[in-house]
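Enquirer: Structure for this input, please:
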Amino acid sequence: MVSGTTENRMASSIDATKPTTGTATTSSVRDNFTLAKGELNELMRATEDQVTAAGNADALTADFVTNVVLAEGITICIKAASANATATPTLNVDGTGAKTIVKDSGAALVAGDIAGARHRLILKYDASNTVWVLINPAVLPQSNIVIVGKALYPVGSIYTNAAVATNPATLLGFGTWATFGAGRVMVSLDSSNALMDTVGETGGSANLTGTTGSTTLTIAQIPSHNHDNGVFTKLVSNSATTGVSAGFGGGAALGSMASVGGGSGHTHSISSANANYQPFITVYMWKRTA
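Expert: Residues are numbered from 1 along each chain as shown. Here you go, the predicted model:
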């Protein structure tokens, strides 16, 4: 039955009007016995006449004592010999040809839907799509969860968890994991930037105090700024009106100097810490190493 539709229950094909009273014929009686035999055979195959599949895990074959004639809704029961490893296993019943096995919804199987030896498979034939529908796929076993997990997290993958600090080896059931990137954020590799052109490179500083991670600025990088030279202008003015020589540094007269600026030597000092944090949120982070 395809999900979302009403299941069609098997109706008998036996003609209850044959043979008619007083006109019994060998052919009409035989026809009804043939129909009855077919229906009984299908009932037997679906309930009692199970066979062990041959072939391999993803190309199954089945040989019933009474051959199956493919028709819509035909039901069979076979016992698997091994688990499927692909999403498209096939089944060839009594030489009728290999037909893909799908789920009841028509979706493809996943590895382990056929659990392996002793899994009794109930299958219905979908004639319109020429597929066998597996009515009872297995619950995905732990071993296959691990297979899927390993595919999702190959060696080198990063696992994050925003609540649980447990090593992923315990949570996921596979791999060797190491804590990763403490106090750092990740950035994509950039082959054109020497600072980040190799996997695993680190750089930057969380808090630029002192010289760690600092950069000496060039003159061109320093923001434009001005200095008040009013004190020096006043000295020059006084010397002109009083005849007193104004001196600077070692005592050299200022003469007619009216301002100080341009390349005059001076020092700037910054005493506050330069926090360099981007917006962030903390999580537990691990890297699979093996």
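Enquirer: Where do the helices of the stretch 51-200 of the chain begin and end?
Expert: Per DSSP state H, counting those that start in this stretch, the stretch 51-200 of the chain carries helices over the ranges 142-152, 168-172.
Enquirer: buried stuff in the shortest one?
Expert: To tie it back to what came earlier, the one meant is helix 168-172. For helix 168-172, the neighbour count (16 or more other CB atoms under 10 Å) marks 168, 172 as buried. No exception for glycine: its C-beta is placed from N, CA and C like everyone else's.
Enquirer: what do you get for stretch 176-196?
Expert: 177, 180, 196.
Enquirer: which one of these is nearest Leu91?
Expert: Nearest to Leu91, judged by CB to CB, of the buried residues of stretch 176-196 is Trp177 at 40.4 Å.
Enquirer: Can you say which of the helices of the stretch 51-200 of the chain is nearest to Ala98?
Expert: Ranking the helices of the stretch 51-200 of the chain by proximity to Ala98 (CB to CB) places helix 142-152 first, at 23.7 Å.
Enquirer: Where does the prediction get shaky in the stretch 101-250 of the chain?
Expert: 140-144, 207-217, 221, 225-250 (pLDDT under 70).
Enquirer: Report the residue ranges of every domain in the chain.
Expert: Following automatic domain parsing, one finds the domains of the chain at 26-134, 141-200+278-290.
Enquirer: Export those domains to a markdown table and append columns for distance to Ala220.
Expert: As requested, the domains of the chain are arranged in a markdown table below (distance: least, CB to CB, whole Å):
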| stretch | distance to Ala220 |
| --- | --- |
| domain 26-134 | 62 |
| domain 141-200+278-290 | 21 |
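Enquirer: Please identify the deepest-packed of these.
Expert: Per-stretch averages of neighbours, counted by mean count of other CB atoms under 10 Å, single out domain 26-134 among these, with a mean of 16.
Enquirer: quick revisit: export the helices of the stretch 51-200 of the chain to JSON lines and tack on distance to Thr88?
Expert: Shown next, in JSON lines, are the helices of the stretch 51-200 of the chain (distance: least, CB to CB, whole Å):
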{"stretch": "helix 142-152", "distance to Thr88": "16"}
{"stretch": "helix 168-172", "distance to Thr88": "27"}
